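[1] Below is the structure, and that's it, no one-letter string:
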């Protein structure tokens, strides 16, 4: 999955609005919220459980309004915002307990591309199972896995965003992948992804 | 950080290798191959994730909480000492509670409903459709069959396995539903046409039930077929015993193989009496190819044999499992298999395939037989008549010899012969038409004679020659 589109990545476009926020103008905060809400929600996707996105988004904006005075424009506003999103997401998840996956009562059949509504139901179930697997990962590992393998961000960038070094990111990535795969293989609804491909000679 | 020395830890790609070298390396290095397969699977799985936008109401709620509530939301304080005090107090309270409260019983584990399993296809032949969630779609060889699916065949058959030595074959122009595929409990329902089942012996806790309208056929461990026609049900038992009843577990009529029971769809069962089958009828029942497909492969290492790419209307035979309509996808044991195909206007195509255990689906190459020269049908018919006339004494001998073994040898034998350009009979096979049961030796004797026929050269053809076998009155 590609990194979510950024509304206006150029610092200049955000400059005046950010300046008004730094000056403490209440209307500017509301405008900033309205302009960034979709972007923040999109970037929070999969970093935190879907049920928590709304609350964490609120925490992100509270943190934005608290910290915007310290924003000096050395990076673009969107980069600064993304970094803040990741860090708030990490803190938010850290407060919650580890989520255990629910047992599958009934193993669904393999997907059939021609099945139509059945396929849609299957896709929804898989989506829920994969999201459930992400919830079982520790927040730091989850963040690295999502940012690297899902968002396509390289380890150096992740290290910069999360304030760690690249080797730490790689270590977390290794263990995150390992745990994610182990959990997936143990899940009957997802084990088919790891079956040996059959090749017709 | 990676457990595999040759792989880039981030991308799980072979670094410092070109495409060709990477492919070669992967074929030799099991660790890398495993890691790359895992990475691909992980990517596929993460690819399932789709962003679902938050509803507009959620944005509005957050905006309201941020800007409109009287008491503005403040970030939660992150003072370490405050959290420390709270945590310490919580630990102390918990310790006190543990000492004073009696032990509570462990919550009971929630009962998990047993999971339906998927049936595995063992044969897919011709046109077969599956209904799932109310939608009919054509069944493909990669599909599985699940509980609550319905299957219907047009010109084709489908067989599936529900366990070692257990399964069912749905005959042509038939329809069935798979009501339950639970460990220890299989329930099928025949809507029309014939379902042939093979069921290895069941334990006391297991059940295999076939419903045909108002009737239930309960299995002990047997091979049997249930045919549902409008208003009636026929149960044929090749061996073993089944109980035909009006309820899934009620008393009923026992049918022991080889035997048959014909009952009306409705009405009292008590008047129905099973008929024992013997001789030719029992032999015909025993040699039905459907049993083989229903029982499934004998070994666990079944290989899929794909016979496709043939023109429409082609008939295919895998080993001696009966002729079916192309395409055919058959799950067979490893070893040598003979596949034949008959295409209109061509000589029979034959291919011998040796399958190795553990190999993937194997496509059978059935090259087109040499093109036939255009033979004058009238001249060809006359030539065949002449040849048959010339060999009539041999044919008569074969038949009279068979009559000595049993006086009721009567019916039509259809010879399928292929004549090459030299006028020799290249191949010949005999099939009893309309289910007539003829002694095995009779067909072999006639085929031996036909193979000696000599027709005029230059008229290669594949033709069917019916032979009526009727004793002199």
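    Received the coordinates, thanks. Source: prediction; values computed, not measured. Residues are numbered from 1 along each chain as shown, chains lettered A, B, ... in the order given.
[2] I'd say residue A:86 and residue A:47 touch.
    Yes - between residue A:86 and residue A:47 a contact is recorded at 6.8 Å, counting by C-beta atoms under 8 Å. C-beta here means a position set from N, CA and C on the backbone, and glycine is covered the same way.
[3] How about the contacts made by residue 54?
    I went with chain A, as the question did not name one. Residue A:54 makes contacts with B:54, B:58, B:61-62, as judged by C-beta atoms under 8 Å, 6 or more residues apart in numbering or on different chains.
[4] I was thinking of chain B, sorry if that wasn't clear
    By C-beta under 8 Å, 6+ apart, the residues touching residue B:54 are A:41, A:53-54, A:57.
[5] Spatially, which two of those residues are the most separated?
    A:41 and A:54 (8.4 Å; C-beta to C-beta).
[6] any residues in contact with both of these two?
    Common neighbours of residue A:41 and residue A:54 (C-beta under 8 Å, 6+ apart) are B:54, B:58.
[7] To which secondary structure element type does residue B:227 belong?
    strand (DSSP: H, G, I helix; E, B strand; the rest coil).
[8] now the helix-or-strand element of chain A with minimal mean pLDDT, how far from the centre of its chain.
    Lowest by mean pLDDT, DSSP states H and E among the helices and strands of chain A is helix A:117-136, with a mean of 73. Chain-centre distance of helix A:117-136: 16 Å, with C-alpha atoms, centre = their mean, to the nearest Å.
[9] same question, stretch A:48-61
    A distance of 11 Å separates the centroid of the chain from that of stretch A:48-61, by C-alpha atoms, centre = their mean.
[10] quick one: average pLDDT of that stretch?
    Averaging pLDDT along stretch A:48-61 gives 86.
[11] If we go by neighbour counts, what in it is buried?
    Going by neighbour count (16 or more other C-beta atoms under 10 Å in any protein chain shown), the buried part of stretch A:48-61 is A:48-50, A:52-54, A:56-61.
[12] now stretch A:172-188
    A:172-177, A:179-181, A:183-184, A:187.
[13] Also near chain B: which of those residues, exactly?
    Counting by C-beta under 8 Å from any C-beta of the partner chain, A:173-174, A:177, A:180-181, A:184 from these sit close to chain B.
[14] of those residues, closest to residue A:68?
    Nearest to residue A:68 among those is residue A:173, at 31.2 Å by C-beta to C-beta.
[15] For the stretch 201-350 of chain B, give the residue positioned nearest to chain A.
    Proximity of the stretch 201-350 of chain B to chain A (C-beta to the nearest C-beta) peaks at residue B:306, 7.2 Å away.
[16] What residues does residue B:147 make contact with?
    B:116, B:178-182.
[17] Take those residues and keep only those in helices.
    Counting by DSSP state H, those place none of their members in helices.
[18] Would you mind checking which of those is nearest to chain A?
    Closest approach between those and chain A, by C-beta to the nearest C-beta: residue B:116, at 6.2 Å.
[19] Just to check, residue B:187 is in contact with residue B:180?
    Yes - applying C-beta under 8 Å as the test, residue B:187 and residue B:180 come out as touching, 4.2 Å apart.
[20] quick one: residue B:424 from residue B:457, how far?
    9 Å (C-beta to C-beta, to the nearest Å).
[21] Name the next helix or strand downstream of the lowest-mean-pLDDT helix or strand in chain B, please.
    Lowest on mean pLDDT, DSSP H and E among the helices and strands of chain B sits helix B:80-100, with a mean of 56. Following helix B:80-100 in sequence order, the next helix or strand is strand B:120-132 (DSSP states H and E).
[22] In the next helix or strand after that following strand, which residues are buried?
    Sequence-wise, the next helix or strand downstream of strand B:120-132 (DSSP H and E) is strand B:135-138. Buried residues in strand B:135-138, counted by 16+ other C-beta under 10 Å: residue B:137.
[23] quick one: low-confidence ranges for chain A?
    Within chain A, the stretches with pLDDT under 70 are A:1-12, A:93-122, A:194-201.
[24] Which segments of it make up each domain?
    For chain A, the structural domains run A:1-96, A:101-193, going by automatic domain parsing.
[25] Would you list the phi and psi of residue 158?
    Picked chain A for this. phi -60, psi -40 (degrees, to the nearest 10).
[26] burial measure for it, as a count.
    Close neighbours of residue A:158, defined as other C-beta atoms under 10 Å in any protein chain shown, add up to 23.
[27] what's the spacing between it and chain B?
    Between residue A:158 and chain B the computed distance is 10 Å (C-beta to the nearest C-beta, to the nearest Å).
[28] Please say which of residue B:424 and residue B:457 ends up with more neighbours.
    residue B:424 (15 against 12).
[29] Just list whatever residues bridge to that one.
    residue B:454 (DSSP bridges).
[30] sorry, back to before: how about a markdown table for the contacts of residue B:54, with secondary structure added?
    A markdown table is the format used below for the contacts of residue B:54 (three-state DSSP):
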| residue | secondary structure |
| --- | --- |
| A:41 | helix |
| A:53 | helix |
| A:54 | helix |
| A:57 | helix |
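[31] Out of those, the closest to residue B:128 would be?
    residue A:53 (45.1 Å).
[32] Angles on the backbone of the residue nearest to residue A:129 when sequence neighbours are not counted, please.
    Spatial nearest neighbour of residue A:129, chain neighbours left out: residue A:189 (4.9 Å); criterion: C-beta to C-beta, 6 or more residues apart in numbering or on different chains. When read as degrees, to the nearest 10, the backbone of residue A:189 gives phi -80, psi -20.
[33] Against residue B:361, how distant is residue B:141?
    Residue B:141 is 7 Å from residue B:361, by C-beta to C-beta.
[34] starting at the chain centroid, how far to stretch A:28-35?
    22 Å.
[35] what about the helices in chain A?
    Remark: helices assigned in chain A by DSSP H are A:11-22, A:26-44, A:53-67, A:77-95, A:117-136, A:139-145, A:155-162, A:166-185.
[36] Which residue is the nearest non-sequential neighbour of residue 45?
    You didn't say which chain, so I picked chain A. Looking at residue A:45 with C-beta to C-beta, 6+ apart, the closest residue is residue B:51, at 4.9 Å.
[37] nope, chain B
    residue A:193 (4.8 Å).
[38] tell me the secondary structure for residue B:51?
    coil.
[39] mind giving me the domain ranges of chain B?
    Using automatic domain parsing, the domain parsing of chain B gives B:1-76, B:120-295, B:304-363, B:377-469.
[40] possible to save those domains as a markdown table with distance to residue A:125?
    Converted to a markdown table, the domains of chain B look like this (distance: least, C-beta to C-beta, whole Å):
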| stretch | distance to residue A:125 |
| --- | --- |
| domain B:1-76 | 10 |
| domain B:120-295 | 13 |
| domain B:304-363 | 27 |
| domain B:377-469 | 47 |
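[41] Pick out the shakiest of those, pLDDT-wise.
    domain B:1-76 (a mean of 68).
[42] And for the nearest residue to residue A:53 once chain neighbours are set aside, the neighbour number?
    Leaving aside its sequence neighbours, residue A:53 sits nearest to residue A:44 (C-beta to C-beta, 6+ apart; 5.1 Å). As a burial measure, residue A:44 scores 24 neighbours (other C-beta under 10 Å).
[43] With residue A:87 instead?
    Neighbour count of residue A:87, defined by other C-beta under 10 Å: 16.
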